[in-house]
Structure formats: structure tokens, C-alpha cells
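Asks: based on what follows, work out the 3D shape:
(one chain, ligands or ions: 1)
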Amino acid sequence: MLTNEIRDRLQRHGQERVLRFWDRLDDEACGTLGAQLATIDFELMDRLIEKWIRNTPSAERFNAIDPVPLIPEADLSRPDAREACAAGEDALRQGRVGLILVAGGQGTRLGFSGPKGSYPIGPISGRSLFAYHAEKIRNLQRRYACTLPWYIMVSAANRAATEAFFREHDYFGLRVQDIRFFQQRMIPCVDDNGAFMLDAPGRLAMNPNGHGGCIPAMVESGITKDARERGVDTLSYFQVDNWAAKVADPFFIGYHVLRGGEMSSKINRRNGPREAVGVHCLCDGEYRVIEYSELDIYPQLLELDAHGKPVYLAGNPAIHILSVPFIERVSHNFREFPWHLAHKKIACIDDAGVRIVPDKPNGYKFETFVFDALRYIPHDPIALEIRRDGEYTPTKQFEGDNSVTAARASMARFWGEWLDEAGVATPRDGQGNVAVDIEISPDFAYSKEEFMDRMKGCTLDINGGISISADGSIEYADNRRA
Ligand code: UTP
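Replies: As a prediction, this is how the structure comes out:
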């Protein structure tokens with residue numbers, strides 16, 4: 001079941017210890033391990049181990065790092081924004097737009113047992129992140145009388161559970177033929193000596209190859225071909241844990257198509273020099289996103305202006321538009337993409353076959369990042385500034401920064417403004433913050449204007465918090481229904 005070629009390869013690359021339990025494995029385990037080993041790019045692993053584990057690579061140096069030029073937040077009072085919105089809406093009506101959702105990550109920090117997209121983010125309704133994203137799509141498809149094919153990247157770690165979740169929820173009311181799951185590649189985790197790790201006697205510890213893995217995976221899985229066959233050339237990219245992500249935003253699409261963009265980005269103002277977010281900038285003229293873990297290497301990125309705000313203000317909310325030809329072109333460059341290293345706690349088995357769940361980092365994961373494709377843009381960057389509330393609620397953990405609780409507070413603030421404008425009193429605390437949970441289905445209303453329209457002549461009583469569902473029915477925080 002294990003070819004001599006793979007045995008030889010393991011030996012040549014010094015990784016034969018992964019076969020230490022081979023003689024004790026049953027057929028199924030032999031099959032699993034053999035199949036995993038057959039997918040490994042050993043030359044790549046050698047390079048990564050040599051560069052990152054046996055050595056400490058020196059940081060890239062640049063002569064000049066400049067802030068990326070920004071398009072100010074889209075506002076219909078500006079002619080450029082009106083023109084962009086019209087162009088984006090045209091592209092949507094013409095069926096040129098599709099969606100890429102990356103949902104292949106392991107979601108370790110959140111510590112939730114299912115795929116992150118199945119997390120019940122709605123504080124009252126318990127509706128999942130996937131359900132919310134689907135409701136946005138239902139609204140847009142109705143509004144623009146179009147089909148938005150939804151390409152969802154999963155990984156070996158969560159494909160079966162994700163597909164089952166969609167089936168159980170009847171694809172959230174979307175047409176099954178317009179949803180395509182595609183799988184990214186996995187890469188072995190290595191210990192502090194650069195040796196592959198075992199997750200079980202017959203299974204390697206592996207991790208998905210990062211969200212950058214969507215670039216080759218879209219080509220290899222026939223997603224770009226499917227898009228072309230549907231007449232789709234513009235893909236709206238978002239991440240599953242951003243509850244607020246405004247998918248297929250017409251303004252953003254419009255700037256992208258009008259300026260002939262290949263990969264465009266949204267950016268949010270960093271709220272301080274140490275915020276845990278990547279920074280968009282131009283490094284010797286090339287578009288880069290510098291990770292927050294590298295800020296001390298490039299201290300100018302910590303500079304503040306006279307008002308105490310970061311000079312390099314463009315934080316990375318991981319929201320992009322990619323054109324289909326660009327993905328196809330850049331997939332050929334994927335081997336040159338930089339890999340990023342993270343020291344992590346990796347559950348594994350020791351030499352005696354005993355399972356270890358470490359309490360401190362014991363190994364490394366390698367990942368690629370989608371924003372590294374930005375360096376292949378040949379011309380002026382398209383970077384559109386956004387507000388956070390209603391656009392960016394990263395959900396990495398339950399409490400604290402970038403958490404479930406922070407996302408719920410942000411959405412309550414965002415939807416609370418709609419309610420205020422509709423003349424509904426939202427309970428506030430002493431500091432003026434919305435004091436209750438609020439949910440408004442994006443299928444019911446995906447903009448304040450739409451909400452105002454749908455609320456005409458209605459009165460609402462919020463009490464301890466409300467959730468308005470797609471059909472306008474209301475659920476109260478205390479489980480009353482209306
Ligand atoms: P993160 O890097 O925050 O990872 O992913 P994560 O899996 O959500 O959480 P941790 O780090 O294990 O706690 C940001 C987005 O990129 C996707 C995730 O699913 C999430 O939508 N992603 C990440 C992938 O699709 N594949 C990957 O290999 C990594």
C-alpha cells in the first residue's frame with residue numbers, strides 16, 4: 001500500500017520516522033497515511049524546514065515604504081462613488097459577479113467543535129455565520145435579478161462537516177447548483193526539529209495551506225472554469241468569520257471594474273499602531289500587506305501623525321475583489337508565494353504512540369496568505385476605505401478583541417442606527433452604547449434605506465433585544481415571537 005517510491009522519498013528527506021507504527025496499522029490506517037504522504041511536496045518541505053526551522057531568515061529590507069493611496073469611504077454625494085455604484089450594479093445585473101468564501105481554516109482560537117461557519121453567531125436567533133452570508137446572497141440575487149455563484153473553500157479538515165451542514169439547512173434557500181465547495185491542499189506540521197508529526201499512528205498532523213491556497217485550488221478544482229462558463233469574471237472574496245462582510249458590494253465592484261482592477265482591497269483605519277491587523281503599503285513601489293507580527297521590523301509603520309493616528313493607516317480586513325484571469329495568471333506564481341510560519345500547540349502522538357495535547361507551542365504550521373497575491377498587481381492599487389461597523393467583525397475567539405462578543409456589540413451598534421432612524425427607541429447604557437442584542441436578517445434588509453422602506457408604518461418594541469428574520473417575523477430575546 002506504500003509504494004517504494006514514497007518509502008525512498010521519506011528516507012531521502014529524513015522523514016522516515018513517520019512510518020514507525022506502520023507494521024501495526026490496519027489496512028484503513030495504512031491507506032490514510034499512504035494517501036497523505038502521496039500529496040506531499042517534499043522539496044517544498046525541505047526548503048521550508050531549512051529556511052525557517054534550521055535557520056532564522058532575515059527580514060526583507062525595503063528602501064521606501066509608503067502608505068497605500070486610498071479611495072475614501074464610498075458616499076453617494078461624490079460623483080466618483082455614484083459612478084462606481086452604477087458600474088457595480090450593472091456588473092451584478094449582467095451576471096458578471098461571483099463570490100469566494102474561504103472557510104477551510106481550523107478555527108482553533110474559537111475552540112468551537114464544528115466548522116467555523118456553522119458557529120451560531122446570532123445572539124438571539126442562533127443563526128450561523130453561513131446562514132447570515134446566505135441571506136445576504138438571497139437579497140442581492142433578488143435585488144439585481146442575478147445569480148451569484150458561491151464558491152466555498154473548505155479543507156480536508158472540515159469538508160464533510162461543512163457540506164453536511166449545508167445539506168441539513170437545505171442550502172439556506174439557495175440553489176444547490178450555484179454553490180460549489182472546493183478543497184485546498186494540506187501541508188504537514190513539523191516539530192521543533194523539522195520532523196513531520198503524527199496525529200495518530202496512521203495519520204500525519206497536517207494543516208490547510210492557508211487562505212492563499214484558494215488561488216491554486218480555484219484553478220485545480222475547475223472553479224475558474226465554472227466561473228468563465230457562467231460569464232463571471234469578477235469575484236468578491238470574504239472570510240467566513242467576518243459576520244458583517246458586505247459581500248458583492250456594488251461600490252467596491254464598481255471601482256474595480258471601472259479601473260480595470262485585478263485584485264482590489266477594502267481597508268479599515270487602524271485604531272492604533274499595535275492593532276493586531278496587517279498593514280497595506282507600497283514597499284519599493286510593490287503592493288504588500290505587512291503582518292502585525294512584523295511591525296517591529298519596519299518601525300515606520302508604528303509612526304503616529306500630529307493627531308496621534310497611525311500614518312500608515314490602512315488596516316487589512318481581508319476583503320477583496322479578484323478577477324478570474326488574475327487568479328488564473330497568479331496561480332502559476334503560487335510556488336513563489338512566501339510562506340508564513342506559526343508556532344502552535346499541535347496535538348500529536350509521542351514515540352510510544354501516546355496522544356499529547358500540549359499546553360504550549362510544540363510545533364510549526366506553514367501557511368500562505370491571499371494578500372500576497374497583491375504584489376502581482378501590475379498597476380495602481382485600488383484600496384477602498386470602509387467603516388468597521390457593518391463591514392468588519394473578525395471573530396477569532398469568544399471574548400476580547402476580534403471576538404464573538406465584540407462582533408455582536410458591533411452589529412448591535414450598526415443595526416441600532418437603523419432602528420434609531422426608523423424612530424424605534426433602542427435601549428442604551430450610560431455611555432450611549434446599545435444595551436441589548438439586535439439582529440436584522442440581511443435577507444429582510446441589507447441596507448439602511450431598504451430597512452426604512454420595509455419598516456414604513458410598523459412599530460417595534462425592542463425590550464430585551466430582537467431578531468428580525470428574513471420574512472420580517474420577530475423573535476424577542478426572551479423567546480416571545482410576533
Ligand atoms: P484565520 O487565519 O483567522 O484562521 O482565517 P482560522 O482557521 O479562522 O482560525 P485559527 O487561526 O485556527 O484560530 C481567516 C479566514 O481564512 C480561512 C478561515 O476559514 C477564515 O475564514 N482560512 C484560513 C482558510 O480558508 N484556509 C486556511 O488554511 C486558513
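Asks: next one: residue 92 from residue 368, what distance?
Replies: Taking Cβ to Cβ, to the nearest Å as the measure, residue 92 falls 30 Å from residue 368. No exception for glycine: its C-beta is placed from N, CA and C like everyone else's.
Asks: near the ligand, which residues of the stretch 51-200 of the chain show up?
Replies: 102-109, 116, 153, 155, 184 (Cβ under 6 Å from any ligand atom).
Asks: which entries within those meet the buried criterion?
Replies: 102-105, 107, 116, 153, 155, 184 (16 or more other Cβ atoms under 10 Å).
Asks: gap between residue 2 and the ligand?
Replies: 27 Å (Cβ to the nearest ligand atom, to the nearest Å).
Asks: quick check: which element contains the closest residue to that residue other than its chain neighbours?
Replies: Leaving aside its sequence neighbours, residue 2 sits nearest to residue 34 (Cβ to Cβ, 6 or more residues apart in numbering; 4.9 Å). If you go by DSSP states H and E, residue 34 is part of helix 27-38.
Asks: buried sites along that helix?
Replies: For helix 27-38, burial by neighbour count (16+ other Cβ under 10 Å) applies to 29, 33-34, 36-37.
Asks: run through who's touching the helix or strand following it.
Replies: Proceeding N to C from helix 27-38, the next assigned helix or strand is helix 42-48, under DSSP H and E. When contacts are defined by Cβ atoms under 8 Å, 6 or more residues apart in numbering, helix 42-48 is touched by residues 9, 12-13, 15, 187-188, 190, 196, 335, 339, 341, 366.
Asks: which among the residues you listed gets closest to the ligand?
Replies: residue 187 (9.0 Å; Cβ to the nearest ligand atom).
Asks: helix/strand/coil for residue 50?
Replies: At residue 50 the chain is in helix, as set by DSSP: H, G, I helix; E, B strand; the rest coil.
Asks: mind listing what it touches?
Replies: Residue 50 touches nothing, counting by Cβ under 8 Å, 6+ apart.
Asks: these two touch, right, residue 236 and residue 249?
Replies: Yes: counting by Cβ atoms under 8 Å, residue 236 does reach residue 249; the two are 7.3 Å apart.
Asks: and stretch 292-304, how far from the chain's centre?
Replies: Taking Cα atoms, centre = their mean, to the nearest Å, the mean C-alpha location of stretch 292-304 is offset from the chain mean by 24 Å.
Asks: how close does the residue nearest to residue 230 when sequence neighbours are not counted sit to residue 102?
Replies: In space, and not counting its chain neighbours, residue 230 is closest to residue 149: 5.9 Å by Cβ to Cβ, 6+ apart. Look at residue 149 and residue 102: by Cβ to Cβ, they are 15 Å apart.
Asks: do residue 387 as well
Replies: 23 Å.
Asks: about what we covered before: let's have the residues of the stretch 51-200 of the chain next to the ligand in TSV, adding pLDDT and secondary structure.
Replies: Below are those laid out as TSV (pLDDT from 0 to 100; DSSP: H, G, I helix; E, B strand; the rest coil):
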residue	pLDDT	secondary structure
102	98	strand
103	98	coil
104	97	coil
105	95	coil
106	92	coil
107	92	coil
108	89	coil
109	92	coil
116	98	helix
153	98	strand
155	98	coil
184	98	coil
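Asks: list just the nearest of the residues you listed to the ligand.
Replies: Nearest to the ligand among those, with distances taken as Cβ to the nearest ligand atom, is residue 105, at 2.1 Å.
Asks: identify the residues contacting the closest one.
Replies: The contact partners of residue 105, by Cβ under 8 Å, 6+ apart, come to 116, 155, 208, 211, 240-241.
Asks: again, only using 10 Å
Replies: Neighbouring residues of residue 105 by Cβ atoms under 10 Å, 6 or more residues apart in numbering: 115-117, 153-155, 157-158, 184, 207-208, 210-211, 239-241, 367.
Asks: sitting in strands, which of those do you find?
Replies: 153-154, 207-208, 239, 367 (DSSP state E).
Asks: which of these has the largest number of neighbours?
Replies: Neighbour counts for the ones in strands among the contacts of residue 105 peak at residue 153, which has 27 neighbours (criterion: other Cβ atoms under 10 Å).
Asks: beta partners for that one?
Replies: For residue 153, the beta-bridge partners under DSSP bridges are residue 102, residue 182.
Asks: mind putting the ones in strands among the contacts of residue 105 into TSV with distance to residue 177?
Replies: Formatted as TSV, the ones in strands among the contacts of residue 105 follow (distance: Cβ to Cβ, whole Å):
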residue	distance to residue 177
153	18
154	18
207	31
208	26
239	24
367	32
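Asks: which among these gets closest to residue 298?
Replies: residue 367 (20.6 Å; Cβ to Cβ).
Asks: list the contacts of the closest one.
Replies: 105, 187, 207-213, 339-342.
Asks: show me how far stretch 84-99 is from its chain's centre.
Replies: The answer for stretch 84-99 is 22 Å, by Cα atoms, centre = their mean.
Asks: residue ranges with poor pLDDT in this protein?
Replies: 1, 479-482 (pLDDT under 70).
Asks: for it, what spans make up the helices?
Replies: 4-12, 27-38, 42-48, 79-93, 129-144, 159-168, 214-220, 223-230, 250-258, 324-331, 404-421, 448-455 (DSSP state H).
Asks: residue 140 contacts residue 442, doesn't it?
Replies: Yes: counting by Cβ atoms under 10 Å, residue 140 touches residue 442, with 8.9 Å between them.
Asks: need the overlap of contacts for the two.
Replies: Contacts common to residue 140 and residue 442, judged by Cβ under 10 Å, 6+ apart, are residue 247.
Asks: quick one: name the residues of the stretch 201-350 of the chain near the ligand.
Replies: 208-211, 213, 239-241.
Asks: JSON lines for those, including distance to residue 395?
Replies: Output for those, formatted as JSON lines (distance: Cβ to Cβ, whole Å):
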{"residue": "208", "distance to residue 395": "18"}
{"residue": "209", "distance to residue 395": "22"}
{"residue": "210", "distance to residue 395": "18"}
{"residue": "211", "distance to residue 395": "15"}
{"residue": "213", "distance to residue 395": "21"}
{"residue": "239", "distance to residue 395": "9"}
{"residue": "240", "distance to residue 395": "9"}
{"residue": "241", "distance to residue 395": "4"}
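Asks: could you identify the most distant pair in these?
Replies: 209 and 241 (18.0 Å).
Asks: coming back round to it: between helix 4-12 and the helix holding residue 34, find me the angle.
Replies: Calculated by axes from the mean of the first three to the mean of the last three Cα atoms, to 10 degrees, helix 27-38 forms an angle of 70 degrees with helix 4-12.
Asks: and helix 27-38, what does it pack against?
Replies: With contacts taken as 3 or more Cβ pairs under 10 Å, 6 or more residues apart in numbering; DSSP states H and E, helix 27-38 sits against helix 4-12, strand 186-188, strand 198-200, strand 203-204.
Asks: many thanks, I have nothing further to ask.
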